Every structure is written in structure tokens, then in C-alpha cells.
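>>> I would like the atomic coordinates for the input below:
(chains A and B)
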2 protein chains.
Amino acid sequence: MKHHSLLFFLLIFLTYSPSFSATQSWTTIPRMSPIPEWEASLHDHPVAVDAEEIKSFFFKQTLDHFNYKPESYTTFPQRYLINFKYWGGANSSAPIFAYLGAESPIDNFPNSIGFLTDNAASCNALLVYIEHRYYGKSVPFGSREEALKNASTIGYFNSAQALADYAAVLKHIKNTLHAQNSPVIVIGGSYGGMLASWFRLKYPHLAIGALASSAPILYFDNITPQNGYYSVVTRDYREASETCYKTILQSWSEIHRVASQPDGLVTLSKRFNTCHLLKQPDELINFLRLMYGYGAQYNQPPKYPVNVICGGIDGASLGSDILSRIYAGVVALKGNTTCTVNGPANESETTVGWRWQTCSEMVIPIGIGNDTMFEPNPFNLKRYVEGCKNTFGVSPRPHWITTYYGAHNIKLILGRFASNIIFSNGLKDPYSVGGVLENISDSIVAVHTVNGSHCVDLLRANQSDPEWLVKQRKKEMKIIKRWISQYYAHLHALKDNPNDS
Amino acid sequence: MKHHSLLFFLLIFLTYSPSFSATQSWTTIPRMSPIPEWEASLHDHPVAVDAEEIKSFFFKQTLDHFNYKPESYTTFPQRYLINFKYWGGANSSAPIFAYLGAESPIDNFPNSIGFLTDNAASCNALLVYIEHRYYGKSVPFGSREEALKNASTIGYFNSAQALADYAAVLKHIKNTLHAQNSPVIVIGGSYGGMLASWFRLKYPHLAIGALASSAPILYFDNITPQNGYYSVVTRDYREASETCYKTILQSWSEIHRVASQPDGLVTLSKRFNTCHLLKQPDELINFLRLMYGYGAQYNQPPKYPVNVICGGIDGASLGSDILSRIYAGVVALKGNTTCTVNGPANESETTVGWRWQTCSEMVIPIGIGNDTMFEPNPFNLKRYVEGCKNTFGVSPRPHWITTYYGAHNIKLILGRFASNIIFSNGLKDPYSVGGVLENISDSIVAVHTVNGSHCVDLLRANQSDPEWLVKQRKKEMKIIKRWISQYYAHLHALKDNPNDS
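Model (predicted):
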């Protein structure tokens, strides 16, 4: 199972958001399966980290850091994992690499986030993986059921509280290990990448730098065009194959045409081997859109799912009609042994948790314009807010992220403020449109690759990795090592001459 | 009344904290009078701002920015004042000077914080004064009584929420005035100075710089020695007069000696013209310690209360005993028409509010060591926590300030992070020991004066101001103007060439 976890634990992030945003209504939200079925075949790296290397701890965490009501003092056990194997120790002020958990349990991080283990030895780094509140075993109120029961218990579930949790845990770890002088680098991917960059901005005293992989911190309010995500998805497929792109483009009206015929939904259900009889064509449409979206987002070596899907579509037998070609694409990716368009049962905790997060503060306005291979479906904030309100009883705060963290005019703001953040992106990743793609200053830098996908830099190095990926990871580590050297130089200068800076 | 407000609205801050910390127990906490009686005579500047210049507004503020429980969405009216008289307008991106309210109502800020009005014209600046939640007219739950009723309603009363309030108000003002490009400088004194520096650190996208006057941001945890405050008080008196210092030093044992005699408390009450019969000598001791403390803290031109007090003590008629000399000091400062050592009636809202703040997050550990002119009274965190718990039903979080804002190793942390903060201090001010007194970087700078007192730079310029004070204010404005110029240059460079930084 462990090797399944890669994509899941990285970034499931996006699997939910685009689908919801695009459909705009809670009645047609596609489910988010924890691990797209095709992932296993893409990532069959062997397990690389011995279970014995990983020590598990629980920190008594404060429920509400920003309130002093009696219930704010409630605590919950927050889980974190430590790998001591590579650490040089507190005496040498050896660094700490802290992976900031995002919307999933952390169990498999040590194995899946290979970037940390691959580089720990050369830095003598302690590896820490901290679970995000309300996920995995880091759940308040005694159980997930209680924690997610209603807006009163779920209200503490947000990024500001999560960052404060990380601050408390890191302070605790540094105190416990007497590692006050050990520099901390925070690392995260996707939503976790946002958290890493925000942590560096809000808690510079606890992290000397951040690697924010595929963090679309500019995909809030009106900063990034709504249709950016699906425009990139479309470009990815079109670049892979013009005929594939055209087939997908034409498929939507064909699905509607077939659906509108007598017994049309039965026909569609049969032709797409759906797990249940379709009740409306949107079920199939959402399923396909998600599949294409995931394919683009995780279009990574060695298999490149966009090529796989388009290979299926383009390779269908001569004379196949449009729907046959589309289904051939589905089979190419997922095989034909399982049915498609699953029902709503067994939602993962990521699906459930991220639904709340995107319906409270993480309002990422993704819509579909007229320039894509999909049916237009503009983002409508008012309808979105209504949908969330109906579901959770409280309204999202769609402008809070930009109020608390900033994002507008980021070059102007951070050009003379802050330091030591890497924003890494792969331009094939549809979320890269909301990422920081240009250097902001000497030490707030953008590292992107033309062929990269979502968070691929964080995965374990593999002999089959392409040259650009090897280079990207090297470049990131070179920057991180420079930060660490500068920190030591500064630290020693201050120790030698405490009255000078 | 307006001219009374100066010190009060600036920094009442400290009037509470040292007294409480020094006495260590809630049973002997001295009250904090809103305006020390001697202030009126010190600051009889004429009213300088026409009431018509000041427009009053209310913003519908969110009760809890960091929680999504239904009650978090409750709103309250937050008051802010604007003076449009000097503003160059949004079209010229003219700057905004935002005074961040602290532990008092803001009614008299426009008149008392002369630094803003004195410098508005030369910068074409809009002047904004924002009231801190739970003070003045910015009170949740409909009334002060409800807001302060218990830990459940008062729990939202803390600095992180207050900073988020300021962010929301400033964003609202910029939006309303279409002043997105107008640079904001935040300004505050004492606790408000901490807020200003923290606001620049946490919300750099909403303020390009901060003037933090007399902000003891290092007086948390163990960073600043506990006895720093009263050591400076002692030094101030000793520098003013060695005999005065010695008299004060000897007075405590004399008070105890007299108190222990038959009818000793009656004698003491008579000799100090107390408003009520003393129940214990500590009432008088606390009163005197506070008076000496205030005297040192606000030891500012034109009157210099330390000199006034010592003039009284040293000038007592020949052969006067110690207590007569001490009382002569009291009379010199406060006159002999009113009684001393007031009872606990009519506590100001500052007294009440700041008691909560110092008992929740703003735990400033001030104790008295063996090197002062006072009786030793070390700070005992455990007792302090117990006292707060007994009073409010919830515990302080004494380490939260350093977790959320940082403060340890500030040169190391901010030496390569952040920019554009002035930490101004006067070394006669006992709180300056917790201030930033050395430059941290090119743009995080310390401006201090040997003879300055608490926040004196923020007061209105006066023809009788000494040269060093005139220079200090000029220096601060020169730095602020440089920030604004740099901001405009950066803004225009980005507009001319949006792909470069």
C-alpha cells in the first residue's frame, strides 16, 4: 500500500477543488477518491524507509491559539514523526527539515516525500513530519466524528490555527532536543506548500527558509484568472496530441446528444462501464473532467498519464466513434477491470476535510472559460457561497486568505520584505498558473520546469528521472544549503560580536 | 479635558503592569488611575485639532478571525477616525498614516498624537486612528458589561485578533477610497508600538513600514532581565539626585517601622493624607512605587517629574524626617489639595482592559531585584499565573507572544528578514530596557535618545522642546519619507516593466 501514497499524500488538494468549483453546486460534486486508481501503476517505487527509522510522537496541542475562552484551552494530541537517522545533533546545530502536513494523514510521508530522505545525509538533517489538525491521528474532540460534527466543532479547522500548531510543535522539538540553534527549513507541497511559504512569512523566528512546491498562493480572489486551471489542462492535452484534444473537445456535445435519446443514459452507462446507472450526463462529464485534470496535474515520469490517455483515444481502432475513443482513453489509464464513475460511498478523510477547508477559507475560484476543451462553466462566487452555507451552516470567507497572508502585488510587497522562500512549479501542472513563477528578490525565488507536474520535485529520486527533474532538485538543494550556510555565518558573527549584526 | 489625554492615551500600558508584577498578588494590586493627577499641569498644550477635521466611522468587524464557529461570525462596530485635511488623494497615491489604538478609547488621539498632525502636511498624508477592540466604542456583545462578563466573552480580546481587525479596517479604507496604491505607515506607542511593529511583520502587504515608539517587545519570557524596569527607575532618580535616591531607598523600612508601632497605620495615613485609612503599609508602598515609576517613565519636558519629586524630597525643610521628605515629594508632584492612595472605585476601562490583557497574553515579567531603591520583589510566574486564574478563570499563556511574534535572537532572525521598522526609545523610560536599542538592519533601525521618556516622540511638537527631541522626530520622519520614496520608485518600476522586479 505504501507506494500508493505518493500522490495522495502530496496534493490531493486539487482533486477536490477544481471539480467542485467547476460544477458550482453541491448537488453535483464529484467524489474524490483517495488515490486515483492509475497511480499505483505509475509509482511502484520500492519502500525506501525502514519503519524502525521513524519515531512517532504526540504533542498536547492547544485547540484555539487565538482565543482565551475556556474551551479554547482544550487540547488534542497532534502527531509528528521524526527520523533521527541522519541528524548531526544539537551540538553541531545541524539543521531540521520539517515537512508540514496538509490535507491527509502523515503515515506515509517519510516514505513518499523522498526529497527529505534523499537529501538528509548531505545536510546531517533531522527529518520531522507534522500532521495537520483534523487529519489522521491529530483530531480534536476525541474522534473524527465529533470533530466534524458541526460548525461549532469544525470551526477550529483552518490554516492560521494549523500554522500556530506547527510553531508550537517546532518550538517544542527544538526545546526538547536543545536544538535552539538548529536552523529549520519547512517544506510542503500544494496546500502544504502554501503553508510552508506562509509559515516562513508569519514565523520567521521558527524557520529560516521554506520550500513551497506547487503552491498556488496566487489562486485567490481575482489575482489568477478563473479559467487558468482548465486552460493549462487543455494545453497539456493539445500539446500531447491535436487529435486527442479535438476528440475530447467534441465529446461533450456527443455525450449530451446520446443522453437525450431514448434510454440514452442506459446507453452511456453501458458504453462507459459505469458502476451504477447514470442519473444524469453530468455524472459522466464530471468523472471525465476530473480524470483529465488529474492526468494533467500528475503528468509525471515515468508514465505521463496525459500521453497514456491520449494514446488510448488516438489509438482506438479505425472508425471508432467519439465515445468509443474517449472510453479507450479511460481504459488506457485505468484498465477495464473496474467500473467507472463511482458512487458517493467511502469518502476519504481528505475528501471530507478538504471540502470543509475549501468551503471556509481556501476558496480557490476555478472556473471554465470558452478557451478550453471543456464545456464552459464560469465560477460563480455567490452560488459557491450558497452551496457551502447550505452544507455547513456557515459562510466561506473568500477574501480572508489575501487579507491574512497577502497575495496581490506580491512583487511589490515581498520585493523588500522577507527572504528565503523557494516557489517551485512544473508548468504542465494546471495549478502552476496560481504559483509564483518569477523571482521576487535574491532570496525569494521561483524555480520552475517546463515539463514538471504537481510537486514532482518532492518525490523520491529515481534512476529513470529525466535530466530536468534531477537538475531542479539539485538547484533547490543548492539554494537551501546556501541559506543554511548564511545562517551559520550570521549566527557565528553574532556570537563572536554580539553587539554587531 | 483634551489636553489631559496625552499620556493617558499613549501608554497607560505600563501603569498597570509593573505594579501588578511587582506586587505579585491580586490581593494587593494597586489600582491604575486613568490619568495621573500631575499630568494636567505637565501638558497644557492647547487643543490643536478642530473637531470638524475629524470624521468618525464604524466598521462592521468580525468577532473571531481565526475560527469558523457560528458565533465567530458575530460582528461588532469598530470605530475609526479619519482626518482628510492633509491628504493628497488616491490619484497621487498619497500616503496613509495609521495610528493603531491600544488600551484606551481613541477619542483624543487626533489631538494628543501630535506626531501625525505635525507631519501630515509635508507628506500629504491621510490620518487614520483605529480603536482597539474592547475599548471605547469598539466593544462586542453590545456593551462593555457583556463584553467583559466572563472568560467566554472576553476571550476574543487579544493582540492577534486586534491586528486582524486593523488589517480588515485598513483594507476597507483603501478599497473605499480607491487608495490601493497609497502606502500605509502604521504608528503606535508602548503596547500600541508593539502592535505597530508586529503589524509590519505579520501584514507587510498592508503597511510598508512601522514606527514603534517605546515598544518593549523584548520584555517577554526571559529575554529582558526581570529587574530591568525598576533598575532604570532607580537610575533616573539617582542621576537626578543622590540624596533623593537615598531618602527613597531608606523610606521603605521607615514605613514598615512606623506601621508596626501602635496606631502606626493611623499615623501613616495622616502623614500621607490618604483618602482612606490604610489597612496595610503595602497600600502606601504600592502607591509610592507607582508614582516613582510613572515619574521616571514620563520624565519629559517641560516639567520632568523626577526632578519635581526629587525637588520636593530634597527641598523639605531642614531636619525633616524621612517620611516628611517623601510626602514633600508627593506634594511637589500632585499638590496637597487632594488626598493620596485612592480606593478601588471607578477603575478606568484601561485599568480593567489591561488587567485582562496582562493576565492572558501580555505577560510582562517585571520584578524587583536587589539593585534598586525599592524593596526586592522578584517576579514569580507561578504565583502570577495563579492570581490570573483566580481572577479570570483561565490561565495566562506566558510564552505565546514569543511563539507568535518571536523576540529571542531578534538580530539573528530579523537581520535577514523584514524591513522598514523604527524602534524609538528614550533611555530614561524604564520600559526602554525591553525595547530594541540597536539597529537590526539597514531598514530595521533603533532611534533612541539618552534623555527621552516613554513615547515622547509621538507628542505634539512644542516650542519649548529640547533640541534632542526635535532632532529625534526629524530623524524618524526622514526615515519614513525615505520608505515612501522607495515604495513609489518600486511601484513605478513595476508598472513600467511589470515583468521585472
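>>> shouldn't A:Asp282 be within a strand?
No - according to DSSP: H, G, I helix; E, B strand; the rest coil, A:Asp282 belongs to no strand; its state is helix.
>>> excluding sequence neighbours, find me the nearest residue to A:Thr62.
Nearest non-adjacent residue to A:Thr62, counting by Cβ to Cβ, 6 or more residues apart in numbering or on different chains: A:Thr75, 6.1 Å away. (C-beta placed from N, C-alpha, C; glycine too.)
>>> hmm, A:Lys60 and that neighbour touching each other?
Yes - counting by Cβ atoms under 8 Å, A:Thr75 does reach A:Lys60; the two are 4.7 Å apart.
>>> nearest to chain B: which residue in the stretch 201-350 of chain A?
A:His205 (3.0 Å; Cβ to the nearest Cβ).
>>> now do the contacts for that residue.
Applying Cβ atoms under 8 Å, 6 or more residues apart in numbering or on different chains, we find A:His205 in contact with B:405-409, B:413.
>>> which ones among those map onto helices?
If you go by DSSP state H, the contacts of A:His205 have B:Ile413 in helices.
>>> from the contacts of A:His205, which single one is nearest A:Glu386?
B:Tyr405 (38.0 Å; Cβ to Cβ).
>>> can you pull the domain assignment for chain A?
Listed by the TED database, the domain ranges of chain A are A:42-221+A:408-496, A:225-397.
>>> interface residues of the stretch 101-250 of chain A facing chain B?
Contact residues (Cβ under 8 Å from any Cβ of the partner chain) of the stretch 101-250 of chain A with chain B: A:151-152, A:154-158, A:160-161, A:164, A:167-168, A:171, A:201-206.
>>> right, I mislabeled it, should have said the stretch 351-500 of chain A
Residues of the stretch 351-500 of chain A lying near chain B (Cβ under 8 Å from any Cβ): A:360-361, A:393-395, A:397, A:400, A:403-409, A:411-420, A:438-441, A:443, A:486, A:490-491, A:494, A:499.
>>> 6 Å instead?
Neighbours of chain B within the stretch 351-500 of chain A, by Cβ under 6 Å from any Cβ of the partner chain: A:360, A:394, A:403, A:406, A:411-413, A:415-419, A:494.
>>> redo those residues as TSV? Include neighbour count, pLDDT and secondary structure.
Below are those laid out as TSV (neighbours: other Cβ atoms under 10 Å in any protein chain shown; pLDDT from 0 to 100; DSSP: H, G, I helix; E, B strand; the rest coil):
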residue	neighbour count	pLDDT	secondary structure
A:Ser360	24	96	helix
A:Val394	20	96	coil
A:Thr403	21	98	helix
A:Gly406	21	97	coil
A:Lys411	20	96	helix
A:Leu412	20	96	helix
A:Ile413	19	97	helix
A:Gly415	19	95	coil
A:Arg416	21	93	coil
A:Phe417	22	97	coil
A:Ala418	23	97	coil
A:Ser419	21	98	coil
A:Leu494	16	92	helix
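>>> mind picking the two most distant members of the residues you listed?
Most distant of those, by Cβ to Cβ, are A:Val394 and A:Leu494, 47.0 Å apart.
>>> how many other residues sit next to A:Lys279?
A:Lys279: 9 surrounding residues under other Cβ atoms under 10 Å in any protein chain shown.
>>> wait, doesn't A:Gly329 sit right on A:Gly315?
No - in this structure, A:Gly329 is not within contact of A:Gly315 by Cβ atoms under 6 Å, at 9.2 Å.
>>> more neighbours, those two?
A:Gly329 (28 against 13).
>>> any chance of CSV for the residues of the stretch 351-500 of chain A next to chain B, columns distance to A:Ser104?
Formatted as CSV, these follow (distance: Cβ to Cβ, whole Å):
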residue, distance to A:Ser104
A:Ser360, 18
A:Val394, 24
A:Thr403, 27
A:Gly406, 27
A:Lys411, 32
A:Leu412, 35
A:Ile413, 31
A:Gly415, 34
A:Arg416, 36
A:Phe417, 32
A:Ala418, 28
A:Ser419, 30
A:Leu494, 39
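>>> ends of stretch A:294-312, what's the gap?
16 Å (Cα to Cα, to the nearest Å).
>>> now do stretch A:62-76
This stretch, stretch A:62-76, spans 7 Å end to end (Cα to Cα).
>>> and that stretch, what's its mean pLDDT?
Confidence over stretch A:62-76 (mean pLDDT, whole number) is 98.
>>> chain center to it, what's the gap?
Remark: stretch A:62-76 is offset 28 Å from the chain centroid, using Cα atoms, centre = their mean, to the nearest Å.
>>> on that earlier part again, any idea which of the domains of chain A is most buried?
Ranked by mean neighbour count, the domains of chain A are led by domain A:42-221+A:408-496 with a mean of 21 (mean count of other Cβ atoms under 10 Å in any protein chain shown).
>>> where does chain A dip in pLDDT?
Residue ranges of chain A with pLDDT under 70: A:1-48, A:343-346, A:498-501.
>>> now the strands for it?
Taking DSSP state E as the criterion, chain A contains strands spanning A:54-62, A:75-83, A:96-100, A:126-130, A:184-189, A:209-213, A:421-426, A:444-449.
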